[in-house]
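1. The sequence and its predicted three-dimensional model are supplied below.
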Amino acid sequence: QVQLVQSGAEVKEPGASVKVSCKASGFTFTASGLHWVRQAPGQRLEWMGRIIPGNGQTEYPQNFQGRVTITGDTSASTAYMELKSLRSEDTAVYYCAKQIGGVVYWGQGTLVTVSS
Amino acid sequence: QAVVTQEPSLTVSPGGTVTLTCGSSTGTVTSGHWPYWFQQKPGQAPRTLISDVSYKHSWTPARFSGSLLGGKAALTLSGAQPEDEAEYYCLLSYGDAWVFGGGTKLTVL
């Protein structure tokens, strides 16, 4: 079955970077987009971008341009999301998500806490 | 970037009917936005309820239905149950980009 397994919780200081991984199984990793979405405490879901692992093509919304990088390792069926120049407002649960056959499958979420 | 709007909160009585809506700042929501509805309960990842306007999945309770209504995507709950109390998010696609609504907190009371 489709599984997206993410790396564990992180605590980072302001100004640092964080890299979250998402290991995929149960589907063809290289086909179509794999997305990253975050949710700050008590806030809405926020789309951060997506990658098509088969060709490395990425797309990011304007508010994350230049600060987020999404990459994929097809040999490991794993996607990565790196967020730079962290600030306290980046404290959130980060999800990877994959749309297959009309269903959006979600990873379990990774809590990133930004605190000095 | 488009802004997607939902009612911040709604209350429905047990057994009652309620409609949640999802609008787009760019104009009419169409099937080309591939509207999705997700249910999220505290501490959990979102769960797909409805895709492509009105498609239900095997796990979607029959009391939920999706439609296009008055230029928006709509999620109707008929016969609300206590377990339906949750946050509901819509998702619209604009080409390759996703935009989520702000969520509707549904209270069953």
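-> On my side now, so go ahead.

2. what residue is smack in the middle of chain B?
-> For chain B, the residue sitting closest to the mean C-alpha position, by Cα atoms, centre = their mean, is residue B:37 at 3.9 Å.

3. Kindly list the main-chain dihedrals of that residue?
-> For residue B:37, the backbone dihedrals (degrees, to the nearest 10) come out as phi -130, psi 130.

4. and the gap between the spatially most central residue of chain A and chain B?
-> When Cα atoms, centre = their mean is applied to chain A, the residue found nearest the centroid is residue A:36 (3.5 Å). Residue A:36 is 10 Å from chain B, where distance means Cβ to the nearest Cβ, to the nearest Å. Heads up, the C-betas are built off the backbone N, CA and C, glycines and all.

5. quick check, that residue in a strand?
-> Yes - with DSSP: H, G, I helix; E, B strand; the rest coil as the criterion, residue A:36 is part of a strand.

6. In contact with it, which residues?
-> The contact partners of residue A:36, taken as Cβ atoms under 8 Å, 6 or more residues apart in numbering or on different chains, are A:20, A:22, A:47-50, A:68, A:70, A:79, A:81, A:94-97.

7. Which of these sits closest to chain B?
-> Nearest to chain B out of the contacts of residue A:36 is residue A:47 (Cβ to the nearest Cβ; 4.1 Å).

8. What is the burial count for that closest one?
-> 22 (other Cβ atoms under 10 Å in any protein chain shown).

9. returning to that earlier point: please report which of the contacts of residue A:36 has the highest neighbour count.
-> Within these, residue A:96 tops the neighbour count with 30 neighbours, counted by other Cβ under 10 Å.

10. Now name the helix or strand holding that one.
-> strand A:92-100 (DSSP states H and E).

11. Is chain B within reach of that strand?
-> Yes - under the criterion of Cβ under 8 Å from any Cβ of the partner chain, chain B is reached by strand A:92-100 at residue A:95.

12. Now residue 59. Nearest residue, chain neighbours left out?
-> Looking at chain A here, since you left the chain open. What sits nearest to residue A:59 in space, not counting adjacent residues and going by Cβ to Cβ, 6 or more residues apart in numbering or on different chains, is residue B:96, at 4.7 Å.

13. wait, chain B
-> Nearest non-adjacent residue to residue B:59, counting by Cβ to Cβ, 6+ apart: residue B:47, 7.7 Å away.

14. The one you found: neighbouring residues, count only.
-> Using other Cβ under 10 Å, residue B:47 has 18 other residues around it.

15. How much space separates it from residue A:37?
-> Going from residue B:47 to residue A:37 by Cβ to Cβ, to the nearest Å gives 14 Å.

16. what's the answer for residue A:20, then?
-> Using Cβ to Cβ, residue A:20 is found at 12 Å from residue A:37.

17. intersection of neighbour lists for these two?
-> By Cβ under 8 Å, 6+ apart, the residues touching both residue A:20 and residue A:37 are A:94, A:96.

18. Next, the contact list for residue A:19, please.
-> Contacts of residue A:19 by Cβ under 8 Å, 6+ apart are A:80, A:81, A:82.

19. Chain B against chain A: which residues are in contact?
-> With Cβ under 8 Å from any Cβ as the criterion, chain B meets chain A at residues B:1, B:36, B:38, B:45-48, B:51-52, B:55, B:57, B:89, B:91, B:96-103.

20. Backbone dihedrals for residue A:3, both of them.
-> phi -140, psi 140.

21. And the pLDDT at it?
-> pLDDT recorded at residue A:3 is 95.

22. got the contact list for the residue nearest to it when sequence neighbours are not counted?
-> Spatial nearest neighbour of residue A:3, excluding adjacent residues (Cβ to Cβ, 6+ apart): residue A:25 at 4.8 Å. Residues counted as contacts of residue A:25 (Cβ under 8 Å, 6+ apart) are A:2, A:3, A:5, A:77.
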